[in-house]
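Asker: Next come a sequence and a model predicted from it.
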Amino acid sequence: MLITEEKAQTAVVSPEGDFLRATFRAMLRARILENKLSSLYKAGKIVGGVYLGRGQEAVSATLGASLIQGKDCYAPLIRDQAGRTAFGEPLIDCTRTYLGSVEGPMRGRDGNIHRGRPEMGMPAMISHLGAQVPLIAGMLFAKRLKGTLDGCVGATSVGDGATSTGAFHEGLNMAAVEKLPMVVVVANNQFAYSTPNHRQFACADLVERAAGYGIGGFSVDGTDLIACASVIGYAVRKARAGGGPQMVVAHLLRLGGHGEHDDGSYVPESAKHGHYGRDCIEVAMRQLVEGGFATVEEIMAWQEETSDEVQRAVAQAQQEPAPDPYREDWSALSTRFPLNAQ
Amino acid sequence: MLITEEKAQTAVVSPEGDFLRATFRAMLRARILENKLSSLYKAGKIVGGVYLGRGQEAVSATLGASLIQGKDCYAPLIRDQAGRTAFGEPLIDCTRTYLGSVEGPMRGRDGNIHRGRPEMGMPAMISHLGAQVPLIAGMLFAKRLKGTLDGCVGATSVGDGATSTGAFHEGLNMAAVEKLPMVVVVANNQFAYSTPNHRQFACADLVERAAGYGIGGFSVDGTDLIACASVIGYAVRKARAGGGPQMVVAHLLRLGGHGEHDDGSYVPESAKHGHYGRDCIEVAMRQLVEGGFATVEEIMAWQEETSDEVQRAVAQAQQEPAPDPYREDWSALSTRFPLNAQ
Amino acid sequence: MSGVTYIDAIREAQETLLREDPRVFLYGQDISNFGGAFKATKGLAEAFPNRVFDSPISEDAMIGLAVGAAIEGMRPIIEMQFADFSSIAFNQIVNQAATHFYRTGMPIPITVRLPSGGTPGSGPFHSQSMEGIYAQYPGLVVVTPATVSDAYHMLVDSVKLDDPVIYCEHKFLYRWLKAKSINGDGLPIGQARIARPGKHATVVTYSAMVHEAVRAADRLQADGWEIEVVDLRSVKPLDLDTVLASVARTGRLLALGEAFPWGGVTAEIVAKVTEEGFHLLDAPPQRLNARDTPVPYHPKLWAAHRPTPESICDALRKLLSF
Amino acid sequence: MSGVTYIDAIREAQETLLREDPRVFLYGQDISNFGGAFKATKGLAEAFPNRVFDSPISEDAMIGLAVGAAIEGMRPIIEMQFADFSSIAFNQIVNQAATHFYRTGMPIPITVRLPSGGTPGSGPFHSQSMEGIYAQYPGLVVVTPATVSDAYHMLVDSVKLDDPVIYCEHKFLYRWLKAKSINGDGLPIGQARIARPGKHATVVTYSAMVHEAVRAADRLQADGWEIEVVDLRSVKPLDLDTVLASVARTGRLLALGEAFPWGGVTAEIVAKVTEEGFHLLDAPPQRLNARDTPVPYHPKLWAAHRPTPESICDALRKLLSF
Ligand SMILES: Cc1ncc(C[n+]2csc(CCOP(=O)(O)OP(=O)(O)O)c2C)c(N)n1
Ligand SMILES: Cc1ncc(C[n+]2csc(CCOP(=O)(O)OP(=O)(O)O)c2C)c(N)n1
Ligand SMILES: [Mg+2]
Ligand SMILES: [Mg+2]
């Protein structure tokens, strides 16, 4: 489960029940919300792409739940609905952005996963993979200059494909040079869109990159909530305590296509039926129940509750106005220069 | 001397005398030529920057000498006068380019180290660091497609600073994915311009990056010709034999400023007087003499011969015409479109 | 068969090229068995084993590799998944590929396919039109096909050209634009085309906007206006002769584009025409471009961000009433 | 003291900013103890400990870091070692920094210093003028100071602006341009300046070319021509009012720039003036730019590649004789 410097035993602090319950609820929220997004897409109610995090909720939620909103910063990527939810993004931000409500954080100007609330420490991703890595480094760097870095962490996640970008490399190296408390989770779901790992990198496990950056490196089964909570939790604590950047490589499989337009038929059956093909939500549910952290009844009640919540978030976003091009402030600058100076 | 998979003993094949002699002569040629360039610069005879490879000749020449012109390809960088010479670049290419002769390979259009002969397998570097890494990968990739890759190697060198570029990362990773016979020599001269290693990367030795790319990795004392010949020679042979990309990190010190405009006063005395502060030419000379590969008299004769050669190359370039803007073909495209279509 | 779409033409051009020229290969993300994000390479990996390759997500290295391969005599076609991601490859395109011929005398015959332009819901990072950026750099040819036949012939011609070509294919046309078949042969790169003849005003445009301009022209026909539409086909080189000849007929110029409004193709058109054809103009030449903000996601904003038949008609009416 | 050079002014502006605004920090290659490749930050690391940082050679991450820091309320100044290397940071500049305000409502007050323009012997990769590239993107302010005082005040003002600014400083002016002192205060960004009054023709230009234009104008004075030179100061926003007012006086326009000839600032000037000031023009507006090749290394080629007082005089004579 763990690679590099530390031994497994020092790292694996059993996650607490409260943490697991909260994290699982974020996973559940994300799954139920995303199932709804999928239906909306299929019903033609969403324009543009829909990118889901199904199968990646354990990793994503654990990271989000390990962070402290208002103190830490977090740059979620394309499959981080669960992480966003765990970090504290309201569900309505998601539905509003997907459904193009003018009330959403992006006001219809950007869509789907390209949303955020930078003022709450959660920047809005741009599409270009890897680009958020130096961005988080910069947020942490600023905190240091302002004298508010103590005990903070900045985190982001990327996919296996994003590790091939120059931005990922430059950003991670810069964070290492600046010794920033950054945690990068690499969700290796074995494919980048349709491209399999063997066309993306040639090392056995991406965690082998950590040593080359001089940062902590961990490898974890991304379908196992308790493992994720242990390892990602440990990496976050280590960064928070001044241990510099940490990289966690989580192994898993995307349970679906790249987006809802894609059936993912290029994923071989063997992968789907292999270990990482299992559904992390089911695994987590079992872990919660077997560990005595939650009862089946509780979980069913959460499910119900969340479905209602999702319904409401969808309904509200749907009844809100679309942006109005005539009222739109067509200005890419906050500064107002004289009219003729453009 | 060697890190990763192989043990030192399998790797260190004692280099042959002929190889050492040839390599040393290239080192000498480069040093004498560069001393002359430095004088020309100080005398105001060279416009623009002068970037020398003093102190890096052993590494550079070894790489150049390990390659086969007409078969292999080689993208030299800023401190590779010795490698160029060893690979087969005529001295006159250098003096013509520095002195702006229209007869040179760049015809006055580009200068100093920004020269090459792509048709002989030696592309002309652009300034942007790291950019030649994917370029060499592409040349090898093409050879594979053409069916001429067998037994070929492509090589390039970069500095410690260039390892921080996205281009280096993307290019090396791509070469690893494509399993190309590429050798990248990282000349870690401890500084990038004025920036010391600790502001450039956070790992102990850049060779630790190799594992993360899934490629061979070697570390060598760059001031020691025999060590360089052994290790770089081995890496090249391994790549040639189908072992995929290889990375050699050579440790040394730049014996001078970044360019001749720079006195390098930021390099601490301790570094200058430390192990890597020694002059690789002196070390090599001793190695040749002590190993019985050459006599002092021979070396002095080579020196003399080379001085003459350099004098001639400078004199010839100086008497050649500068480019004439009125005769210049001001066209960035080889295709001639109708005049009004621009 | 029920005709050929714009994207079919792009696929077929690549098939032709792979078949006829052993120097051609394709390199890009998800273009092999998957056939590309837009299916522009569908079936080609099967038909041409070891000629079509999935790339790591490394745009900069993709172009670097292509230039290296071109030095070795190959003719790579690089697919960017979206034009917008070529911003990562910017350095290799403008500094490595574009400067190579002037510096060394060896041309670099690479073709970079940029799926360009807006579609509803694509947002700021999957909608950009970068032809005006690349055209600023010496050493690049920048083509912008507007028709199914041009999509085919200009891709074939791009790869045959010895110089690096930025091939801007419009995503909106991919499936929307259909022709009975591909015409026997096309005009050479560097030559513009009269897409619709007229005599009262000239719209000079390219790519998807050709169709919007024709639509606007059709509408104005009802009011008795005959609008000529010039399809530039390639923005660099830019066929000034054809443009000037049209402006000579009409006396009025609207330069129309879908890219951002500052500089770019439309500014170049207006500047060229006024420099060399000032006396031909009966009215101030006008430009119509997208707005000066990122391309918005919401279809309603998107439709108001780019020129539409309505806004083109408005601009033309203003021009005609001058 | 014997006066202030253009680069002194840049250094002093940064010193002022560091002193007066705790949100300001500097990040760039070799800018700390070394003081920068051009010494624009000399002494600042000592004077302001922990405010001036040497960066790894990672242009893309440099801008990414700056944007992140700006989100957290800082006002970073990023030095690119040469403008040309900003091609590596292109994505972060045009897609991350430039789109942020429109997308999220939060402006990104970063200033990117681009040592720009040609000097003899610098060659294709240390000579570029990229203002016309960046100005194409919505969300960026692009400034191009031509005087010592503007170098100072516009850098201070750039950092005070809430939006991302591309500050193009001309390397040729660094030590060549000297003033007695820095003027008390400058014009605001977005306002052009009459660098030299005249009445027979207007040259609209910016940065180093202002001085070449003034030189050309001085020469033509001998023939009785009075040439007005407008210094744009910022190319985006571009002060059309001042330009139109000048063209109204002279009836003739030469748009002059040092960048590549296709598109860019001069095309935008001509297009804007003809769109909105067509009736003011007594002759076809002209452009003069560098040639359409990479910037050559050899001083003889370089001098023929960019506009010079001679070629500016030629262009003006042609314009005046129309
Ligand atoms: C620089 C860049 N190139 C290409 C794309 C197009 N793209 C979007 S997602 C994707 C695949 C990403 O794969 P990975 O990083 O493994 O994440 P996953 O989708 O598997 O979660 C690609 C190629 C992009 N967004 N950015
Ligand atoms: C992408 C890029 N950024 C900045 C520069 C400017 N520059 C030229 S050489 C150099 C230092 C290079 O250091 P290193 O890679 O260690 O090589 P060395 O000079 O020490 O041999 C810098 C910063 C450049 N050429 N390319
Ligand atoms: Mg993936
Ligand atoms: Mg170095």
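Answerer: Nice, thanks for sending it over. Numbering: from 1, shown residues only, chains lettered A, B, ... in the order given. Ligands and ions are numbered 1, 2, ... in the order given.

Asker: since we're on the residue in the stretch 101-250 of chain C that ligand 2 sits nearest to, how many residues are nearby?
Answerer: Using Cβ to the nearest ligand atom, the single residue of the stretch 101-250 of chain C nearest to ligand 2 is C:Arg103, 15.8 Å away. All C-beta atoms are positioned from the backbone trio N, CA, C, and that covers glycine. Close neighbours of C:Arg103, defined as other Cβ atoms under 10 Å in any protein chain shown, add up to 28.

Asker: And the one 4 residues further on, by the same measure?
Answerer: A count of nearby residues for C:Pro107, using other Cβ under 10 Å, gives 19.

Asker: Confirm it sits in a helix?
Answerer: No: judged by DSSP: H, G, I helix; E, B strand; the rest coil, C:Pro107 forms no part of a helix; its state is coil.

Asker: For the residue of the stretch 101-250 of chain C closest to ligand 2, what are phi and psi?
Answerer: Note on C:Arg103: its backbone torsions stand at phi -70, psi -50 [degrees, to the nearest 10].

Asker: Now it. Nearest residue, chain neighbours left out?
Answerer: Among residues not flanking C:Arg103 along the chain, B:Asp110 sits closest, at 4.9 Å (Cβ to Cβ, 6 or more residues apart in numbering or on different chains).

Asker: what do you get for A:Gly277?
Answerer: Distances taken as Cβ to Cβ, 6+ apart put A:Leu253 closest to A:Gly277, at 5.2 Å, once the chain neighbours are dropped.

Asker: I figured the one you found hits A:Val267, correct?
Answerer: Yes: the criterion here is Cβ atoms under 8 Å, and A:Leu253 meets it with A:Val267 at 7.3 Å.

Asker: For these two, indicate the residue with more neighbours.
Answerer: The neighbour comparison of A:Leu253 against A:Val267 (other Cβ under 10 Å) goes to A:Leu253, with 25 against 20.

Asker: And stretch C:244-256, end to end?
Answerer: In stretch C:244-256, first residue to last residue: 16 Å (Cα to Cα, to the nearest Å).

Asker: so how far is that stretch from its chain's centroid?
Answerer: Centroid separation between stretch C:244-256 and its chain, computed with Cα atoms, centre = their mean, to the nearest Å, is 21 Å.

Asker: Averaged pLDDT, it. What do you get?
Answerer: The average pLDDT within stretch C:244-256 is 98.

Asker: For the closest residue to ligand 2 within the stretch 1-150 of chain A, what are phi and psi?
Answerer: Residue nearest to ligand 2 within the stretch 1-150 of chain A: A:Pro134 (15.0 Å; Cβ to the nearest ligand atom). Backbone geometry at A:Pro134, expressed as degrees, to the nearest 10, gives phi -70, psi -30.

Asker: Helices along the chain, start to end?
Answerer: Went with chain A since none was named. All helices of chain A, identified by DSSP state H, fall at A:8-11, A:17-42, A:57-65, A:81-87, A:91-99, A:132-146, A:166-177, A:209-213, A:225-240, A:269-273, A:280-290, A:296-319.

Asker: Actually, chain C is the one I wanted.
Answerer: Ranges of helices in chain C, per DSSP H, are C:6-20, C:44-47, C:59-71, C:90-91, C:98-104, C:131-134, C:148-160, C:173-176, C:209-221, C:240-250, C:264-277, C:299-305, C:309-320.

Asker: Determine which stretch of the helices of chain A is the most buried.
Answerer: helix A:57-65 (a mean of 33; mean count of other Cβ atoms under 10 Å in any protein chain shown).

Asker: for that helix, packing partners?
Answerer: Where contact means 3 or more Cβ pairs under 8 Å, 6 or more residues apart in numbering or on different chains; DSSP states H and E, helix A:57-65 is packed against helix A:17-42, helix A:81-87, strand A:154-159, strand A:182-188, helix A:225-240, helix A:280-290.

Asker: Could you list the low-pLDDT ranges of the chain?
Answerer: Answering for chain A, as no chain was given. Per-residue confidence for chain A (pLDDT under 70) gives these ranges: A:1-13, A:339-342.

Asker: that's the other chain; I wanted chain C
Answerer: C:1.

Asker: Quick one: name the residues of it near ligand 1.
Answerer: Chain C comes close to ligand 1 at residues C:29, C:57, C:59, C:81, C:85, C:88, as judged by Cβ under 6 Å from any ligand atom.

Asker: Including distance to A:Phe191 and neighbour count, could these go into JSON lines?
Answerer: Shown next, in JSON lines, are these (distance: Cβ to Cβ, whole Å; neighbours: other Cβ atoms under 10 Å in any protein chain shown):
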{"residue": "C:Gln29", "distance to A:Phe191": "12", "neighbour count": "29"}
{"residue": "C:Ile57", "distance to A:Phe191": "12", "neighbour count": "29"}
{"residue": "C:Glu59", "distance to A:Phe191": "19", "neighbour count": "31"}
{"residue": "C:Gln81", "distance to A:Phe191": "15", "neighbour count": "23"}
{"residue": "C:Phe85", "distance to A:Phe191": "18", "neighbour count": "24"}
{"residue": "C:Ile88", "distance to A:Phe191": "20", "neighbour count": "31"}
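
Asker: near chain A, which of these show up?
Answerer: Restricting these to those adjacent to chain A (criterion: Cβ under 8 Å from any Cβ of the partner chain) gives C:29, C:57, C:85, C:88.

Asker: The first one: what's it in contact with?
Answerer: Contacts were defined as Cβ atoms under 8 Å, 6 or more residues apart in numbering or on different chains; by that measure C:Gln29 touches A:192-193, A:195, C:37, C:54-57, C:79, C:81.

Asker: so, if you compare the residues of chain C next to ligand 1, which one comes nearest to ligand 4?
Answerer: Checking those against ligand 4 by Cβ to the ion gives C:Ile88 as the nearest, at 25.0 Å.

Asker: if I read this right, the closest one contacts D:Ile88, doesn't it?
Answerer: No: contact criterion Cβ under 8 Å: C:Ile88 and D:Ile88 do not qualify, at 9.4 Å.

Asker: The nearest residue to C:Phe25 once chain neighbours are set aside: how many residues sit nearby?
Answerer: Setting aside the residues directly before and after it, C:Phe25 is nearest to C:Arg51 in space (Cβ to Cβ, 6+ apart), at 4.9 Å. By the criterion of other Cβ under 10 Å, C:Arg51 has 19 neighbours.

Asker: Distance of C:Arg51 relative to B:Phe19?
Answerer: With distances taken as Cβ to Cβ, to the nearest Å, C:Arg51 is found 39 Å from B:Phe19.

Asker: Please apply the same query to A:Glu328.
Answerer: Distance from A:Glu328 to B:Phe19, counting by Cβ to Cβ: 70 Å.

Asker: do C:Phe25 as well
Answerer: To B:Phe19, C:Phe25 is 36 Å away according to Cβ to Cβ.

Asker: again, but for A:Tyr326
Answerer: A:Tyr326 sits at a distance of 77 Å from B:Phe19 (criterion: Cβ to Cβ).

Asker: can you check A:Ala241 too?
Answerer: Applying Cβ to Cβ, the value for A:Ala241 to B:Phe19 is 52 Å.

Asker: again with A:Asp224
Answerer: Applying Cβ to Cβ, the value for A:Asp224 to B:Phe19 is 54 Å.

Asker: count of residues packed around the residue nearest to C:Met80 when sequence neighbours are not counted?
Answerer: The shortest distance from C:Met80 to any non-neighbouring residue, by Cβ to Cβ, 6+ apart, is to C:Ser86 (4.8 Å). For C:Ser86, the count of nearby residues is 29 (other Cβ under 10 Å).

Asker: close enough to count as contact, C:Ser86 and C:Phe125?
Answerer: No: with contact defined as Cβ under 8 Å, C:Ser86 does not reach C:Phe125; the gap is 11.7 Å.

Asker: Now list whatever residues contact both of those two.
Answerer: By Cβ under 8 Å, 6+ apart, C:Ser86 and C:Phe125 have no common neighbours.

Asker: Find the residue at the geometric middle of chain A.
Answerer: A:Asp80 (2.8 Å; Cα atoms, centre = their mean).

Asker: Enumerate every residue touching that one.
Answerer: So A:Asp80 contacts A:53, A:56, A:60, A:63-64, A:113, A:157 (Cβ under 8 Å, 6+ apart).
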